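Q: Task: produce atomic coordinates for the following.
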Amino acid sequence: MALMITDDCINCDVCEPECPNDAIYLGPEIYEIDPNKCTECVGHFDEPQCQQVCPVSCIPFNPDWRESKEQLLAKFEKLQADKS
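A: Presented below is the predicted three-dimensional model:
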């Protein structure tokens, strides 16, 4: 499943540069995560980097966007191929 950023976000700017897939962007009020680009860092890291650096722990898993490890890895591979 992809991650999401809750309304507890303080717009501290630390999560955006940590995302290896460029899935995090500044929305109208707070940072947001594009679930089509979020792989929970599968293929890059063992843990989601945005969750690791968030000072207010406002980046939970998105219950509306469920994906298996295999699906996340396939998304990672597609995103990498699209970059090439």
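Q: my read: residue 77 touches residue 43, true?
A: Yes. Shown here, residue 77 and residue 43 form a contact pair, counting by C-beta atoms under 8 Å, at 7.2 Å. Backbone N, C-alpha and C define where each C-beta goes, glycine included.
Q: In terms of neighbours, single out the busier of these two.
A: Between residue 77 and residue 43, residue 43 has the larger neighbour count (other C-beta atoms under 10 Å), namely 16 against 13.
Q: got the contact list for that one?
A: If you count contacts by C-beta atoms under 8 Å, 6 or more residues apart in numbering, residue 43 has them with 72, 73, 76, 77, 80.
Q: Now the second one: closest residue in space that isn't a chain neighbour?
A: Computed as C-beta to C-beta, 6 or more residues apart in numbering, the closest residue to residue 73 that is not its neighbour in sequence is residue 42, at 5.5 Å.
Q: contacting residues for that neighbour?
A: Per C-beta under 8 Å, 6+ apart, neighbours of residue 42: 69, 72, 73, 75, 76.
Q: can you pull out the strands in the chain?
A: Along the chain, the stretches classed as strands by DSSP state E are 24-26, 31-33.
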